[in-house]
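A.B. asks: A structural model of the following input is requested.
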Amino acid sequence: MRLIACLIARDEEANLPRCLGSLSAAVDGICLLDTGSSDRTAEIALSFGAVVGSLPWSDDFSASRNACLDLADGDWVLQVDADEELDPATIPALRRALSEPGMCRLVQVSLLDGTDRPGSVLLPRLFRLDPRIRYRRALHESVLEGLAESGLGGPSVCAVRLVHHGYSPDAGAARAKHQRNAGILRKVRDRGEADAYDLYKLGTTLSRWTEGTERSASLREAWDLSLRATPGERRQWPWWPSLAHAAAVDLASTGGLQEAWGILELAAEAGDRSILESGRAQLLLRSGRPREALEVAERALALPAQAAFAVTDGKERGELYHLAARSARRLGMPFLPFLEDATAQGQIDARCDLILLRIQKGIPAGWKDLDILLRTQAGNPVVLIAASEAARSQGDRSTSDLLLEQASRVPSEAGLRARARLWVRAWLGGASPAFDLPPSDVENAAAQGLDRILSGRAWSPDPFLHRPTLRNTLGDILRALLEAGRSETVRSFARAAKGREAELPGISTLVEED
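C.D. replies: Okay, here's the model as predicted:
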């Protein structure tokens, strides 16, 4: 079986030697299509014995990919990006995959972002060189549609691994790539040519903080469009669980927990629940169900990742370990091993939790580690919140409030957490600001409930919120207000809560009016 590596490139002289060097012992030929380089891209490719062609860039990745396929002469194609390299340990698996039945293989692509905690995705990168298999889409191009329409069968997973170095931590490069990708996908959408996958990729390309409305609308439309396909068709889409996860997390962040849970449950029909489990654990913890969240997180971490790439190393595992740690901690169970595992995976939230735990226990290493983070990641809102809590633990409330205020101004999940904490501190300090954050978890829902009950407005807690936990959380806020000397506010709540049992059973008995 003759295997040809195909790649398109423009001004990639810095990456090409690493990429082509990793391929030289694994493939029988290399084809490179240059889309307008002004550097030594073509010269380097020729030095590796590649067949080199050229085509002007037209804002269409599929056009360039297909032109590169036209250069190839072989039986199989391995599609590689210039900023990727083939993991040499998987070369034997690559050769085995060529002799197995089927037309297409899903390859694991590890996405490096400048940290030690890669994420990964499965992509159809290895397929037979067949005129019926061609790329579709201007961006995030894929051969899957051609496979399905030609009746060639769906892709199967193989143990080949590519390492993608293109997710640079450089802010300027990331911004330029974002603008390019968003621009291409918006053009496809505005021409009326976008399908569920295009809209999904547009939604995940856009920022929640600066393009939130457009992002949510794209994910919602992508999910709705995907439901028009049959279950059998959706099972052929390796990206569909990822769409479900993205749409569910987006809904949860705005307070739509019940609907988000329904999306994840429906997506379970795809069979591979791996990426869905972290979403399920997150929703369960948000809703006030830590025991169920812990069970889901532990089950996901126990999946045989290497066999089916079910839970990848890096970000996903780190987030699952942190979810498990938070859940176990709320249950009063041992949580330190989970926290340490999450920290080892590079999870910054877990590292900050571990730092605070050490500071609370009087361990000097906690302060040292916090100092390192403040010097290396001074603008990170997660670090600022940790520093705020550390200062508060030492009785320095003014510094604590200042750090929390800085964190609250950073558009991020951590920034929203900081705003919620500032709201609590304001109420405990005698002020009564309105709660204007989405009820994205049981804590925020309880804060919203306090605000709405006291102001006489209607309150409709999301049905997925665990009612006993919500009631207890609201009770904790009321007790804290009493301890802060705001007894009149608590009495006002008791009066206003009468007759509102339909909104939250037991709310009228949380405190006595007098």
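A.B. asks: Might you list the low-confidence residue ranges for this protein?
C.D. replies: Within the chain, the segments meeting pLDDT under 70 span 113-119, 166-174, 270-274, 304-314, 512-514.
A.B. asks: Helix or strand: which one has the residue most central in space within it?
C.D. replies: The C-alpha lying nearest the average C-alpha coordinate of the chain belongs to Ala246 (C-alpha atoms, centre = their mean; 7.1 Å). Using DSSP states H and E, Ala246 falls within helix 240-253.
A.B. asks: which helices and strands does that helix pack with?
C.D. replies: helix 196-205, helix 212-226, helix 257-267, helix 274-287 (3 or more C-beta pairs under 8 Å, 6 or more residues apart in numbering; DSSP states H and E). (C-beta placed from N, C-alpha, C; glycine too.)
A.B. asks: would you turn those helices into TSV with mean neighbour count?
C.D. replies: Formatted as TSV, the helices and strands packed on helix 240-253 follow (neighbours: other C-beta atoms under 10 Å):
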stretch	mean neighbour count
helix 196-205	24
helix 212-226	19
helix 257-267	20
helix 274-287	24
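A.B. asks: wait, which of these is closest to Ala89?
C.D. replies: Of all the helices and strands packed on helix 240-253, it is helix 274-287 that lies closest to Ala89, at 21.9 Å by C-beta to C-beta.
A.B. asks: could you point out which element follows the closest one?
C.D. replies: Counting by DSSP H and E, the next helix or strand C-terminal to helix 274-287 is helix 290-301.
A.B. asks: okay, the angle between that next one and helix 274-287?
C.D. replies: Orientation check (axes from the mean of the first three to the mean of the last three C-alpha atoms, to 10 degrees): helix 290-301 against helix 274-287 gives 160 degrees.
A.B. asks: Just the buried residues of helix 290-301, please?
C.D. replies: 290, 292-294, 296-298, 300-301 (16 or more other C-beta atoms under 10 Å).
A.B. asks: Equivalent analysis for stretch 445-465, please.
C.D. replies: Using 16+ other C-beta under 10 Å as the burial criterion, the residues of stretch 445-465 that qualify are 445-454, 459, 461-462, 464-465.
A.B. asks: Contacts for that stretch, please.
C.D. replies: Applying C-beta atoms under 8 Å, 6 or more residues apart in numbering, the external contacts of stretch 445-465 come out as 255-258, 260-261, 283, 287-288, 420, 423-424, 432, 434-435, 437, 439, 442, 467, 470, 473-474, 476-478, 489, 492-493, 496-497, 500, 503-504, 507.
A.B. asks: same deal with stretch 474-490?
C.D. replies: Contacts with stretch 474-490, where a contact means C-beta under 8 Å, 6+ apart, come from 424, 427-430, 432, 446-447, 449-450, 454, 493, 504, 507, 510-511.
A.B. asks: if we go to 7 Å?
C.D. replies: The contact list for stretch 474-490, computed with C-beta atoms under 7 Å, 6 or more residues apart in numbering, reads 427-428, 446-447, 449-450, 493, 510-511.
A.B. asks: Among the buried residues of stretch 445-465, find me the one that's closest to Asp81.
C.D. replies: Using C-beta to C-beta, Phe464 comes nearest to Asp81 of the buried residues of stretch 445-465, at 40.0 Å.
A.B. asks: those strands in the stretch 401-514 of the chain, which residues are they?
C.D. replies: Applying DSSP state E, counting those that start in this stretch to the stretch 401-514 of the chain gives no strands.
A.B. asks: quick revisit: now restrict the contacts of stretch 445-465 to buried residues only.
C.D. replies: Taking 16+ other C-beta under 10 Å as the criterion, what is buried in these is 255-257, 260-261, 283, 287-288, 420, 423, 435, 439, 442, 467, 470, 473-474, 477-478, 489, 493, 496-497, 500, 504, 507.
A.B. asks: all helices of the stretch 401-514 of the chain, in order?
C.D. replies: Ranges of helices in the stretch 401-514 of the chain, per DSSP state H, counting those that start in this stretch, are 413-428, 442-455, 467-483, 487-497.
A.B. asks: next one: stretch 345-364 to chain centre, how far?
C.D. replies: Its chain's C-alpha centre lies 23 Å from the corresponding centre of stretch 345-364 when counted by C-alpha atoms, centre = their mean, to the nearest Å.
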